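Trainee: Sharing a sequence plus its predicted fold:
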Amino acid sequence: MIKVKDYLRVKDAADYLGVSPNTLRNWSRDGRIPVYRNPMNAYRLYKKTDLERLLRTINRPVPTGGTRPRGD
């Protein structure tokens, strides 16, 4: 059974991630995050757990090691 409190609409989900709604729509289209549809009005819905998982992957530190090539 779907619990509405476990989902966010596109604007709220985008605010939660700190991106624009269009960025979130593009990520959904590209398969970076699953999107669900409200059966009554077809609004895009995003699971909070999916948003949290995406945030964890975005916030991973970039490994550093070695030196960067110089642009000489």
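Mentor: The structure has been received and is ready for your questions. Numbering: from 1, shown residues only.
Trainee: Any buried residues in the lengthiest helix in the chain, and which?
Mentor: As assigned by DSSP state H, the longest helix anywhere in the chain is helix 48-58. By 16 or more other CB atoms under 10 Å, the buried positions in helix 48-58 come out as 50-51, 54. C-beta coordinates here come from the backbone N, C-alpha and C atoms, glycine included.
Trainee: tell me the contacts of L51?
Mentor: Going by CB atoms under 8 Å, 6 or more residues apart in numbering, L51 touches 8, 13, 16-17, 33.
Trainee: so which strand or helix has the residue lying closest to V35 once chain neighbours are set aside?
Mentor: Leaving aside its sequence neighbours, V35 sits nearest to S28 (CB to CB, 6 or more residues apart in numbering; 4.1 Å). Element membership of S28 [criterion: DSSP states H and E] is helix 21-29.
Trainee: Quickly run through the sheet partners of the next helix or strand after that helix, with directions.
Mentor: Elements were assigned by DSSP H and E; along the chain past helix 21-29, the next helix or strand is strand 36-37. Partners of strand 36-37 in the sheet, by DSSP bridges, are strand 44-47 (antiparallel).
Trainee: Now do the partner strand, average pLDDT.
Mentor: In this model, strand 44-47 has a mean pLDDT of 96.
Trainee: Could you shift the numbering so residue one becomes 10, and keep it that way?
Mentor: With 10 as the first residue, the last one maps to strand 53-56.
Trainee: So which residues make contact with that strand?
Mentor: Contacts for strand 53-56 (CB under 8 Å, 6+ apart): 15-19, 22, 33-34, 37, 42-47.
Trainee: neighbours of L54, just the number please.
Mentor: 20 (other CB atoms under 10 Å).
Trainee: Please apply the same query to L17.
Mentor: L17 has 21 neighbouring residues, counting by other CB under 10 Å.
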